[in-house]
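1. The following comprises the amino acid sequence and a computationally predicted model.
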2 protein chains.
Amino acid sequence: MEFKEAKNKFVQTWGALGSQWGINKTMAQIHALLMVSHEAVSMEDIMEELQISRGNASMSLRALMDWGIVYKEYKAGERREYFTAEKDLDELAVKISRERSKREIKPALKILKEVSAISANSTLEEKHFVNQTKKLYDFVLKADNVLEKITEYKDNWLAQLLVKFVKK
Amino acid sequence: MEFKEAKNKFVQTWGALGSQWGINKTMAQIHALLMVSHEAVSMEDIMEELQISRGNASMSLRALMDWGIVYKEYKAGERREYFTAEKDLDELAVKISRERSKREIKPALKILKEVSAISANSTLEEKHFVNQTKKLYDFVLKADNVLEKITEYKDNWLAQLLVKFVKK
DNA sequence: ATAAACTTTCATTTTTTTTTGAAACTTTAA
DNA sequence: TTAAAGTTTCAAAAAAAAATGAAAGTTTAT
């Protein structure tokens, strides 16, 4: 396998994976492309390499920047904007965790709290509902806290975590 | 808010969340419904409550059973099949982790290994590619190992993990 | 002030994913 | 065995998500 083929395979795979994880294909592909580029890439080049439209490129880049995992760069004396990806993997994981917590976990917690707060006076069915949703609330809250803690350790949290688990 | 409303809100929310996590809406809704039901539910009832077709119900239930988070139950003297969800949340998390590892992480690792194995003799660009994909391989492998370890502890791994992190 | 170089927006189209429903299949009991 | 009660399958339809591209908007240099 030579370079171009490998690069393409990587970008495609990452794209497919992304769409299973709630990030859309193009976003994941652009991110993949930037991750393995040794220098900043222009929108023009991204469009060219991934064969996507200008609009798509623009919106996907915006979304990636909103996630905080892609940055804009200006080259001295050039009008055109260039893009780079967060390449530090710990940092990347931290940013993705934070963003998903904010977008998905926090709203879910809110709903869980609400629905588990109904007064379950009458039936067994209602009691079970309240019980189960309360448990779920606690569980999700705990999981979210773990994520948050992890993001505080930043550097190399994953290695540390692995060591802890293997030792135990 | 009364029971029916709360239940509906929960099912809808869980459904929406599911689709952000790679499980489709109906699957997540059925799972939610079963989670908060105090007794096994028939396919007929699921169709009725979620207003979905028989085909959809059948396929979604099959998928949930493949994931190992919904079970079939037979009631003595009855032809009809009933369904229950895994209600233990630790167990649920374990099963979901295992399944996602198998379906998504393992195949991704395979590709990463492949593409990082090209001989990067010539350009800086190629060297950067190999370097970055190798790092990614290590990172994903480590993350997958952590998941695996966690699933070995089973009961209450989340609480333990949280304690460790808070203490430190 | 203006025009060139570039980016963003968003209504429309395309693609992908999900759902339907009717036919085929399976199981059980009489 | 057969018919009733139930389940599964899968081609087609519907819905949802993503991508396009042209027009509108910005910015910069002159």
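-> The structure has been received and is ready for your questions.
2. Just want the most central residue of chain A.
-> By CA atoms, centre = their mean, chain A has its centre lying nearest to A:Ile96, at 3.4 Å.
3. Quick check: mean pLDDT of the strand or helix carrying that one?
-> Using DSSP states H and E, A:Ile96 maps to helix A:89-100. Averaged across helix A:89-100, pLDDT comes to 89.
4. May I see the buried residues of that helix?
-> A:Leu89, A:Asp90, A:Leu92, A:Ala93, A:Val94, A:Lys95, A:Ile96, A:Ser97, A:Arg100 (16 or more other CB atoms under 10 Å in any protein chain shown). (Each C-beta comes from the backbone N, C-alpha and C, glycine too.)
5. What parts of chain A come near DNA strand D?
-> Residues of chain A lying close to DNA strand D by CB under 7 Å from any atom of the strand are A:19, A:24-26, A:51-56, A:59-60, A:77, A:79.
6. returning to what we had before: okay, the buried residues of helix A:89-100 in CSV with distance to A:Glu152 next?
-> Below are the buried residues of helix A:89-100 laid out as CSV (distance: CB to CB, whole Å):
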residue, distance to A:Glu152
A:Leu89, 17
A:Asp90, 12
A:Leu92, 16
A:Ala93, 13
A:Val94, 9
A:Lys95, 13
A:Ile96, 15
A:Ser97, 11
A:Arg100, 16
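7. Out of those, the closest to chain B would be?
-> Ranked by distance to chain B (CB to the nearest CB), the buried residues of helix A:89-100 are led by A:Leu89 at 4.5 Å.
8. Look up how far A:Ile96 lies from that closest one.
-> As judged by CB to CB, to the nearest Å, A:Leu89 and A:Ile96 stand 10 Å apart.
9. secondary structure element for the residue in chain A positioned nearest to DNA strand D?
-> Among the residues of chain A, A:Gly55 lies closest to DNA strand D, at 1.8 Å counting by CB to the nearest atom of the strand. Following DSSP H and E, one finds A:Gly55 within helix A:54-66.
10. helices and strands around the longest helix anywhere in chain A, which ones?
-> Longest helix in chain A by number of residues (criterion: DSSP state H): helix A:124-153. If you count contacts as 3 or more CB pairs under 8 Å, 6 or more residues apart in numbering or on different chains; DSSP states H and E, helix A:124-153 packs onto helix A:89-100, helix A:106-116, helix A:157-167, helix B:3-20, helix B:89-100, helix B:157-167.
11. Perfect, I'm done here.
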